[in-house]
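*Asks:* need the 3D shape of this:
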Amino acid sequence: MKKAIIIVFLLPLVCLAQTDSIVSGPYNWKQPAVENNKIASVALLQGKAHDFEWMQLSANTITGTKEKKQTIPANQEQLIIVKSGSVTIHFGDSTFLLTPHSAAVLMPGEKYILKNAANEHCNFYTMSYRSKATQENRKIPITKSFVKIWEDQLFKPNAIGGGKRDFFECATIMQKRFEIHVSTLKEGIRSHDPHTHKAEEIVLLIEGDTEMQIGDQFKRAGTAGFYYLGSNVLHAIKNIGAKPATYFAIQFE
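*Replies:* As a prediction, this is how the structure comes out:
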């Protein structure tokens, strides 16, 4: 009888923990419905993470020529990565043109303006998050918003026929370590042996066909998709296509 009571008591707690956790695995881009002169958005994943009390990755489309004013909540940061098209972003005294695969990291409370930079609509990912820790735990955090333009990131070839673009690695107000690079894998090549790390990771595909080992399973995301890898989850990515595969590796903790 006592065992039955314990099981009944713990079951809701287990279910709640599973509901609040983002599941490691493949996800795909979902095209938002186009609305002229608006930003249309679709949440692709959302929930709790190891070091975030809340995070969301969304697909977004901006159309028309009107400027869109945005404000980051005081308890959040935001990452924008352009998937296709181009968009101008203005914050502070600066304006930048975000070309495909360019990124912007926006600090809590930042006020910024987005404007479609071409006749066609622009598609972009937005990653929004709130940290579980406080700023006191950060090591000299970057506290100002910044951008990284794709064309400015140097491609560094490697010995296995691929290469890497290092975007940044730093602490921010909401993260003790935030690191982004872009890897290119030659066909038939695995990036590394299966491994784990404390930092969670999003592998955001730019081009090519890939397969990700997650634990003891092998999963595939679409060519316009991504993989979410939880803290200390065993993983390794392989290019299974007939041409090079390129992807963002986004680590955060």
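*Asks:* each with direction, which strands does the helix or strand containing Ala59 pair with?
*Replies:* For Ala59, the enclosing helix or strand under DSSP states H and E is strand 52-62. Note on strand 52-62: by DSSP bridges, its sheet partners are strand 39-47 (antiparallel), strand 122-131 (antiparallel).
*Asks:* give me the distance from the last one to the chain's centre.
*Replies:* Here strand 122-131 shows a centroid-to-chain-centroid distance of 7 Å under the convention C-alpha atoms, centre = their mean, to the nearest Å.
*Asks:* next, Trp150: phi, psi?
*Replies:* With angles defined as degrees, to the nearest 10, Trp150 sits at phi -50, psi -50.
*Asks:* in the strand holding Ala59, what counts as buried?
*Replies:* Phe52, Trp54, Met55, Gln56, Leu57, Ser58, Ala59, Asn60, Thr61, Ile62 (16 or more other C-beta atoms under 10 Å). (Glycine included, C-beta is placed from N, CA and C.)
*Asks:* partners of the closest residue to the third one other than its chain neighbours in the sheet?
*Replies:* Computed as C-beta to C-beta, 6 or more residues apart in numbering, the closest residue to Met55 that is not its neighbour in sequence is Tyr129, at 4.0 Å. Taking DSSP bridges, one finds Met55, Glu77 as the beta-bridge partners of Tyr129.
*Asks:* show the pLDDT at Tyr129.
*Replies:* On the pLDDT scale, Tyr129 is placed at 97.
*Asks:* how about low-confidence regions in the protein?
*Replies:* 1-20, 134-139 (pLDDT under 70).
*Asks:* all helices for it, in order.
*Replies:* Remark: helices assigned in the chain by DSSP state H are 2-20.
*Asks:* where do the domain boundaries of it fall?
*Replies:* 25-138, 150-252 (automatic domain parsing).
*Asks:* for Ile142, grab the count of nearby residues.
*Replies:* 16 (other C-beta atoms under 10 Å).
*Asks:* what do you get for Asp216?
*Replies:* 7.
*Asks:* and the residue nearest to it when sequence neighbours are not counted, what does it touch?
*Replies:* What sits nearest to Asp216 in space, not counting adjacent residues and going by C-beta to C-beta, 6+ apart, is Leu234, at 7.9 Å. Going by C-beta atoms under 8 Å, 6 or more residues apart in numbering, Leu234 touches Pro194, His195, Thr196, Gln213, Ile214, Gly215, Asp216.
*Asks:* quick check: the third one touching Ala236?
*Replies:* Translated: Thr196. No - Thr196 lies out of contact with Ala236 (C-beta atoms under 8 Å); the separation is 10.3 Å.
*Asks:* the two: which has the busier surroundings?
*Replies:* Ala236 (15 against 12).
*Asks:* can you tell me how far that one sits from Thr223?
*Replies:* 19 Å (C-beta to C-beta, to the nearest Å).
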